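**Student:** Predicted structure and sequence below. I'll ask about it afterward.
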Amino acid sequence: MIDSDEKKELEISLDQPTQIPYMLIGAVVLVIALTGLLLYTWLTPSVSNDPPEGVSVSTVTPSNQVERSQVVMPSSTLAPLPTSRPTATLVPTLAEAPTSTVVIPDLEAVVVSGVKREYLNRGSRYFFQSQSGSFGAYLWSDPALSVKAPASNGYAVISNGDQVVILNQSDGIAEVRIVTNALDPEDPIVIGATGYIPLWLITDQNVPPPPPTPTPRRGYLWVRRLNGNDDPTCISMQIIGINAAGWSFRVDGMNLIGTFDNAGNARLCGLAPEQEVTITVYNQNGQVVPGGRGVPARGRDIMIGEWRR
């Protein structure tokens, strides 16, 4: 039979095995927590105390409590949440852009100086000439200069001394506005009209060169036999198409000469009857006329020479 003292010792011995494992588990958990804290502290990079640019941070109290921090965003503001929608809206705050005013200066009028009669050979279609002697240059409605600008009577015409404003210019063509006009000073369609005109007619500068003078074609004499009705010992000739007065024709190798009169007629005699020869035509300076050298002929022939170009 177990008395009361033995029973108490038995209860104590039974309680101790249960308390020891709980204490051991608590110690292990504490060690793991401390180890994790040390590793976190060691592995976490240091953070500079300087605030980033554009961020204003208030001072820290001695108790290491942050009183207040404020982030200043330079370009946008978070607008308050609207009551009708559950989501927040980021409303950009844009500084009011300054307005600028472009002032277009008044264009200065220039005096027309290139409308000259001597420039007619640069293109006669550019110019206007009246029976009364008026002279000018047409204003055109298009930069291709194909349609003349209208006036109340006829077409708008610009002359030297008129004033125009050059609005634009491209490829030698000027767009102008007429300020004054000598030929139609009161025409409301002309005064203030805009159109196109070659720039050189306005400024008298960079005038196109005159067209080259055509080289005259060298004339020549075309000689042929007209008939055989002259004397068998004579040859006659007539030259047409040019004034041949003072010219002559001669029998080659013989001293037989016929001189042309003011009507272009000449005759020589002294051949044997129907003798075959060659003749050459000379001008008044004694030079052979082109086309008139060594022309075959014989006694009795009447020749004709036609001047051609």
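**Tutor:** That came through fine.
**Student:** Do me a favour and get the end-to-end distance for stretch 265-282?
**Tutor:** Start-to-end span of stretch 265-282 (CA to CA, to the nearest Å) is 14 Å.
**Student:** Helices of this protein, residue ranges please.
**Tutor:** With helices called from DSSP state H, the chain shows them at 4-43, 199-203.
**Student:** among those helices, where is the model least confident on average?
**Tutor:** Among those, helix 4-43 has the lowest mean pLDDT, at a mean of 64.
**Student:** need the contact list for V251.
**Tutor:** Listed by CB atoms under 8 Å, 6 or more residues apart in numbering, the contact partners of V251 are I235, L268, L271, V277, T278, I279. Backbone N, C-alpha and C define where each C-beta goes, glycine included.
**Student:** Identify the residues contacting the fifth one.
**Tutor:** Spelled out, it's T278. V251, D252, G294, V295, P296, A297.
**Student:** now the first one, which residues is it bridged with?
**Tutor:** So that's V251. Note on V251: beta-bridge partners by DSSP bridges are I279.
**Student:** so how far is V115 from it?
**Tutor:** 62 Å (CB to CB, to the nearest Å).
**Student:** hang on, the earlier thing: who wins for neighbours among the contacts of V251?
**Tutor:** Counting neighbours by other CB atoms under 10 Å, the top entry in the contacts of V251 is I235, with 27 neighbours.
**Student:** my guess is it meets P296, correct?
**Tutor:** No: the criterion here is CB atoms under 8 Å, and I235 misses it with P296 at 11.0 Å.
**Student:** Need the overlap of contacts for the two.
**Tutor:** With CB under 8 Å, 6+ apart, I235 and P296 have common neighbours V277.
**Student:** in stretch 269-276, what counts as buried?
**Tutor:** Across stretch 269-276, burial judged by 16 or more other CB atoms under 10 Å covers L271, Q275.
**Student:** Equivalent analysis for stretch 157-164, please.
**Tutor:** For stretch 157-164, a neighbour-count test (16+ other CB under 10 Å) marks V157, I158, N160, D162, Q163, V164 as buried.
**Student:** what's the closest non-adjacent residue to the first one?
**Tutor:** Same thing as V157. Take V157 and drop its neighbours on the chain: the residue closest to it by CB to CB, 6 or more residues apart in numbering is G136, 3.8 Å away.
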